[in-house]
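>>> sequence and predicted structure, then a few things I'm wondering about:
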Amino acid sequence: MQKLLLLGDEAIAQAALDAGMSGMYAYPGTPSTEIMEYIQASPRAAAEGVRREWSSNEKTAMEAALGMSYAGKRAMVAMKHVGLNVAADAFINSAVTGVNGGLVVVAADDPSMHSSQNEQDSRFYGRFAMVPVLEPRNQQEAYDMIFDAFNLSEKYKLPVLIRITTRLAHSRAAVERRDARTQNSSSLPSDPRQFVLLPAIARKQYRALTGLYEKLRTDPVLSGYNRFAKSDNKKTGIITCGIAYNYLLENLEQHHDDFPVLSLAAYPVNSDAIAELVESCDRVLVLEEGYPLIEEQLRGLLDRDVKVAGRLDATVPRDGELNPAIVAAAMGMKKDSGKEVPAVVRQRPPSFCKGCGHADVFSALAEVMKGYGPRRVFSDIGCYTLGALPPFNMVNSCVDMGASVTMAVGAADAGLFPAVAFIGDSTFTHSGMTGLLDAVIKDSPITVIISDNSTTGMTGGQQSQATGRIESICLGLGVNPDHLRMIIPLRKNHEENMAVISEELNHHGLSVIIAMRECIQTASRNKKAAAAKKSQTV
Amino acid sequence: MKCDVILAGVGGQGILSIAATIGLAAVERGLFLKQSEVHGMSQRGGDVQSHLRISDSEIHSDLIPHGGADLIISVEPMEALRYLPWLAPEGWVITNSVPYINIPDYPDIAELKAALEDNGNTVVLDADSIARELGSPRSGNMVILGAASSFIPMPFEILEHAVQQLFSRKGEEVVDLNIQALRAGREAAGRE
């Protein structure tokens, strides 16, 4: 079969297309974004009419995917780990409703927080919801697991969670394709009340789910992904989860049978597999890319039956992603590192692009805020969070999507005046609108600046649901038109923009300032694309 | 055979086209390949790196172990030094000499030069000037790749072919300029 050089994300996307997926749902978020982007760029997805538009947020994506599953078709939804918090209500309950067409949920975790606010481990969500979790070790397995995930989903009528991490999502390797399967035809659930979680129905289905979850432990497909390799070594046995296995093999080189190794990639785990390893050696080292999920279960509350080493006893650092050096140290192997970084090397943090509109908004805001004292700007998730760094040092909060508006509301409730919320356009339609409605109803004395660059910039310029709609959304929510102001963040408008910001900061009620100028990255890309199109037609 | 390469630069400098070229060449040679990239926040003018591993046997880790890289290929001189902990004792550094200054405390250029010289096994060249002289100022990446080519265990023609594949979509002129840049870099490094 054809071999392709694919990122982990792309392998998942290609597999979903090959496994007969009819709809892909997602909101951009590093490191998951490239899954949807691959499907959007796929000529086959276009030819076969695969649904592939961005959703407003992860919750709407999850729910729409569940709806497609209801109608009998295979659907996939992808998000970064914290996106699963947003989608959690729908996700947890989708395990209780169950599915009709296969439903696969991909959560891309970001240990070490390369582009995130935390490093939560989505495997916990799988256990919480009581659904199967697959954690591929490499790109090929990511591809293959998607086929199994759809099949398992339809076999058990459960959503299946695929958990990947940054290193797999954003690393390329050769992937061999399988024969493509056709899409499901439409079909309605056989039980008309399956998706109706009224308490009487939900109680019954939830009880069935708890029983089903135990049954999953002995499913041959799931267990087949958890591989045990014996060894004569009776001292230390090793359990790896997901890509931790690769770092182990990297260190063992040719000596793969130096330790008994249980390599896990599917959950819930069959306890027989764990028992076989534990009983064959004196001590167990657990290597997990993420939280100590297996390690905690192995230790139990009393932590005295099995001698365990891992993240909880500092054999492995408690936080951060693994790498070959960390795994070598955990195994007591001495590996020589290269030279130290010379002192001449400086930190180079990310920064606003030259000519960015967000920076012009911050320039104006910074100057106006000088008159009011520091620490009153609540911000959000996006490129503009970089306003927290020099030269602006303006951003005093970055918590979760949409929190700028609602945290400003709460701070104003406590008497902080003026309080500013600074949010981007895509984040506003993701989760800022409902908070703004709260502010409208109470006429909270806050100034909300929506810095509208007409794209989802931080993740690489995906379409923003907000484009062309922000003013009408604000008016529709009931923002007073007298305090809904528009500015264009350009240096030549600096004085004028300062005056608008100053006026609205002094207003003892809700103000919204929409600062609109297209992201310079997408603007230059669009310009290039237009030029290329023009030269083709000439 | 194995060759582990750290590609280094600043977000937006386009180190991934170097990675893509070596990747295409490796595929053509039927080699195993793993290449991890940085996407997301750091792409906004921060330091970025890519771990590129090619081998004639299966590759396990997506990340190169510390002290294991055969090469650091960098399009920016300070960024070349950031990854020395990954370089093997006998490994080589091939870097552009032109600094990308987007931070207020960028080091003194003379100090930076001295640190590169201290490293030994280092090739420093002004890829920007070489590319400009060829009339293709944006081909500095390919000049650097050319300079590194004699350290990559693959015939040079394979890399040339990969450049052709990579840029074919952009027309013959762009392909030619990039191949010229690749050759000029190899010549400038003077290590054939």
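Alright, I've got the coordinates. Numbers count the residues shown, from 1 in each chain, chains lettered A, B, ... in the order given.

>>> which of the residues in the helix or strand of chain B with the lowest mean pLDDT are buried?
Least confident helix or strand of chain B, by mean pLDDT, DSSP states H and E, is helix B:15-28 with a mean of 91. Within helix B:15-28, the residues that qualify as buried are B:15-27, counting by 16 or more other C-beta atoms under 10 Å in any protein chain shown. Yep, even glycine has a C-beta here, placed from its N, CA and C like the rest.

>>> what residues does it touch?
A:5, A:172, A:174, B:5, B:7-9, B:32-33, B:35, B:37, B:48-50, B:52, B:54, B:73, B:75, B:141-142, B:144-145, B:152, B:154, B:158-159, B:161-163, B:165-166 (C-beta atoms under 8 Å, 6 or more residues apart in numbering or on different chains).

>>> after it comes which helix or strand?
Helices and strands here follow DSSP states H and E; after helix B:15-28, the next one along the chain is strand B:32-36.

>>> please enumerate residues in contact with that next one?
A:5, A:167, A:170-174, B:19, B:23, B:26-27, B:50-59, B:61-63.

>>> hmm, which of those residues are the buried ones?
A:5, A:167, A:170-174, B:19, B:23, B:26-27, B:50-55, B:59, B:61-63.

>>> tell me, how many residues neighbour A:V306?
Using other C-beta atoms under 10 Å in any protein chain shown, the number of residues around A:V306 comes to 15.

>>> pLDDT weak spots in chain B?
B:41-42, B:192 (pLDDT under 70).

>>> quick one: the helices in it?
Shown for chain B, the helices assigned by DSSP state H span residues B:15-28, B:77-82, B:109-118, B:127-133, B:140-148, B:156-167, B:172-189.

>>> the longest one and chain A, any residue contact?
I take that to be helix B:172-189. No: judged by C-beta under 8 Å from any C-beta of the partner chain, helix B:172-189 stays clear of chain A, getting no closer than 12.4 Å.

>>> same thing with the third one?
Yes: for helix B:109-118, a contact with chain A is found by C-beta under 8 Å from any C-beta, at B:E111, B:L112, B:A115, B:D118.

>>> in that helix, what's buried?
By 16+ other C-beta under 10 Å, the buried positions in helix B:109-118 come out as B:L112, B:A115, B:L116.

>>> number of nearby residues for the closest residue to chain A within chain B?
Taking C-beta to the nearest C-beta, chain A has its nearest neighbour within chain B at B:G40, 3.3 Å off. Per other C-beta under 10 Å, the neighbour tally for B:G40 reads 24.

>>> helix or strand: which one has A:Q254?
Using DSSP H and E, A:Q254 maps to neither a helix nor a strand.

>>> contact residues of the stretch 1-150 of chain A facing chain B?
So the stretch 1-150 of chain A meets chain B at A:L5, A:L7, A:T30, A:P31, A:T33, A:E34, A:H114, A:S115 (C-beta under 8 Å from any C-beta).

>>> returning to that earlier point: buried subset of the contacts of helix B:15-28, written for ChimeraX?
Buried residues among these (16+ other C-beta under 10 Å), as a ChimeraX selection:
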select /A:5,172,174 /B:5,7,8,9,32,33,35,37,48,49,50,52,54,73,75,141,142,144,145,152,154,158,159,161,162,163,165,166
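
>>> most neighbours, which of the residues of the stretch 1-150 of chain A next to chain B?
Using other C-beta under 10 Å as the neighbour criterion, A:P31 leads the residues of the stretch 1-150 of chain A next to chain B with 29 neighbours.

>>> got a list of what the residue lying closest to that residue once chain neighbours are set aside touches?
Leaving out its chain neighbours, the residue that sits closest to A:P31 by C-beta to C-beta, 6 or more residues apart in numbering or on different chains is A:A169, at 3.9 Å. When the contact criterion is C-beta under 8 Å, 6+ apart, the partners of A:A169 are A:L7, A:G8, A:D9, A:P31, A:S32, A:E34, A:A108.

>>> which non-adjacent residue is nearest the second one?
With C-beta to C-beta, 6+ apart as the criterion, A:G8 has its nearest non-adjacent residue at 3.9 Å, and that residue is A:L168.

>>> average model confidence for the helix or strand containing the one you found?
In this assignment (DSSP H and E), A:L168 forms part of helix A:166-169. Summarised as a single mean, pLDDT over helix A:166-169 is 97.

>>> so the helix or strand that that helix is followed by versus strand B:32-36, what angle?
Later in the chain than helix A:166-169, the nearest helix or strand by DSSP H and E is strand A:171-176. Between the axes of strand A:171-176 and strand B:32-36, defined by axes from the mean of the first three to the mean of the last three C-alpha atoms, to 10 degrees, the angle is 140 degrees.

>>> run the chain-centre distance for stretch B:180-190.
The chain centre lies 13 Å from the centre of stretch B:180-190; the measure is C-alpha atoms, centre = their mean, to the nearest Å.

>>> buried residues in that stretch, which are they?
Of all the residues in stretch B:180-190, those buried under the rule 16+ other C-beta under 10 Å are B:Q180, B:A181, B:L182, B:R183, B:A184, B:G185, B:R186, B:A188, B:A189.
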